[in-house]
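*Asks:* Just the structure for this:
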Amino acid sequence: MKHKGLIALIITFVFFGMQGSIALAAQSSHIIRNILVDKTAPLAPVLSVPPTWVNTDVQVSVGNLVDPVSNGVSSGIKQTDYKINGVQHSHPGPAEFQIGITDEGIHNLSVKAVDMVGHVGPEAVGVVKIDKTAPVITVTGIDNNGTYYNPVTPVYSAADAGGSGLAGCTATLAKDGGAPDPFTSGTPISDPGAYTLVIDASDTAANAVSQTLQFNLSSPVAPEQPITAAVSSESIKVEWAAVQGAAGYLVMDGTDQIADVADPSYIHEGLLPNSGHRYAVVAYNPMGNSPAGPEKAVFTLANDASDLQVTGKTSTSITVSWEANGNPEWTEYAVSITDKAGYTDTVPFTSDLLAYEFTGLVLGKEYTVSVTARNGDGVESAAASIDAGTNKSPVLTISAPEPGAVFSRIEGNNEVTIAGTVADDDNDTVTVTACLKGVNKSVVIEECQGGKPYSISFDVDELDLPEGSHTIDVIADDGK
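*Replies:* As a prediction, the model looks like this:
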């Protein structure tokens, strides 16, 4: 290699302010390079971390990314290294940037700036606490829209589900649309009314929740109209549908309370026959009484007619009477008469009917008479019956005089005596009448059911009977 001359190279450098040079031979060329030596680390970054729990996504600003000038030298920021909960990340360049954190929980940040020559600055740390979940309210003792018939004790509490911690839980209670008052959990409520309970809870991240429950404390509703049935002339059974929330029932007869029972039925005893009653039922519980339900009117049964007897009869009529047997005067009775051949005559139900005469009957015939009582509800009693017959004709016999007997005016033969027996199955009093030459003579025979003798005499002289044949008519008559 041929060289036309000597080439001289001069390098100028800076090292902490000192300069030096290398001189070569004249007739040379030279190149100058400047270098920097940076021995100072970057400053600690500045983080914009929320001081408390928050309930939103967080953007942490990372600022103060500065590589300070020292001795006129700064290499500049190359990148920022940071960790989120120990997970390494890196952001290039010196510009301020943001770290986005969206997950709930506690997040630990550590951030360091790195300059161009590898110096790592001091660590900046911060904690981001995010809670996006509202507290959970728990209520026992009542349900929303519930109706209660006994005192209730609402118990409420709240728990923080997001981790920030419960800040508070309070409640207010309003009755019947009135102003709300503070309410303490576990306080019994015993007054009837419509209530609104509002519970508010919040956590330290400002998450808030509110729960509203409406409920009623109520006395029972009025029972339905009772079902009644006359059991006897002295008792009535009263039944009704059970009422929700009722602790018991007051049974009313008109304005009088007659019973306090737990079950929805009652038998009212010790009553008068065919007596009217008006039943209604009031339900009650610790909240109070319901209104009275609709009334139901009912009568006890009428007593059967008593002491039914035949008080009179003729050959064509029968008269009967009976006792009311404790029934009130207005009680209705029906009476009928029948015979074995199917004949029937009925007197319809009539108030205060205690006797009746059946007429147009057949001589000497047997009948059955029945009497039925009816109460104010039209319920009939059992029939009282008696067998009775129309009057029978007396049975007459003549034992004297013998047919064809002869009489005269001579003493000892002048008295015509008609004698015999008379019997009456009805034991009536019978009048026996003998008629001779238009002259009637009678004798009264009492109670001759088994047959009794009779005797009637005529004097021939007194009658001035002419000589000849005469007819004697003898009639037995019971007057019926």
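
*Asks:* List the contacts of the closest residue to residue 165 other than its chain neighbours.
*Replies:* The shortest distance from residue 165 to any non-neighbouring residue, by Cβ to Cβ, 6 or more residues apart in numbering, is to residue 204 (5.0 Å). All C-beta atoms are positioned from the backbone trio N, CA, C, and that covers glycine. Residue 204 makes contact with 52, 53, 131, 164, 165, 166, 167 under the criterion Cβ atoms under 8 Å, 6 or more residues apart in numbering.

*Asks:* could I get the residues you listed as JSON lines with secondary structure?
*Replies:* What follows is the contacts of residue 204, written out as JSON lines (DSSP: H, G, I helix; E, B strand; the rest coil):
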{"residue": "52", "secondary structure": "coil"}
{"residue": "53", "secondary structure": "coil"}
{"residue": "131", "secondary structure": "coil"}
{"residue": "164", "secondary structure": "coil"}
{"residue": "165", "secondary structure": "coil"}
{"residue": "166", "secondary structure": "strand"}
{"residue": "167", "secondary structure": "strand"}
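
*Asks:* I only care about those that end up buried; give me the ChimeraX line for that.
*Replies:* This is the ChimeraX syntax for the buried subset of those, where burial follows 16 or more other Cβ atoms under 10 Å:
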select :53,131,164,167
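
*Asks:* Compile the contacts of residue 204 into a markdown table and extend it with columns for distance to residue 59 and pLDDT.
*Replies:* Listed next are the contacts of residue 204 as a markdown table, based on distance: Cβ to Cβ, whole Å; pLDDT from 0 to 100:
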| residue | distance to residue 59 | pLDDT |
| --- | --- | --- |
| 52 | 16 | 95 |
| 53 | 16 | 97 |
| 131 | 17 | 97 |
| 164 | 19 | 95 |
| 165 | 24 | 95 |
| 166 | 27 | 96 |
| 167 | 25 | 96 |
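
*Asks:* what two of the contacts of residue 204 are the furthest from one another?
*Replies:* Across the contacts of residue 204, the longest distance by Cβ to Cβ is 14.7 Å; it joins 52 and 166.

*Asks:* about what we covered before: relative to residue 434, which of the contacts of residue 204 is nearest.
*Replies:* Using Cβ to Cβ, the contacts of residue 204 come closest to residue 434 at residue 166, 129.9 Å.

*Asks:* Now do the SS call for the closest residue to residue 297 other than its chain neighbours.
*Replies:* Excluding the flanking residues, the one nearest residue 297 by Cβ to Cβ, 6+ apart is residue 278, at 5.0 Å. When classified by three-state DSSP, residue 278 comes out as strand.

*Asks:* Residue 278 reaches residue 294, doesn't it?
*Replies:* No - here residue 278 does not reach residue 294: they are 10.3 Å apart, not a contact under Cβ atoms under 8 Å.

*Asks:* which residues do those two both contact?
*Replies:* In contact with both residue 278 and residue 294: no residue, using Cβ under 8 Å, 6+ apart.

*Asks:* Save the contacts of residue 204 as JSON lines, and put in distance to residue 268 too.
*Replies:* Converted to JSON lines, these look like this (distance: Cβ to Cβ, whole Å):
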{"residue": "52", "distance to residue 268": "75"}
{"residue": "53", "distance to residue 268": "72"}
{"residue": "131", "distance to residue 268": "69"}
{"residue": "164", "distance to residue 268": "68"}
{"residue": "165", "distance to residue 268": "66"}
{"residue": "166", "distance to residue 268": "61"}
{"residue": "167", "distance to residue 268": "64"}
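
*Asks:* quick check, nearest of the contacts of residue 204 to residue 413?
*Replies:* Out of the contacts of residue 204, the member with the shortest distance to residue 413 (by Cβ to Cβ) is residue 166, at 146.5 Å.
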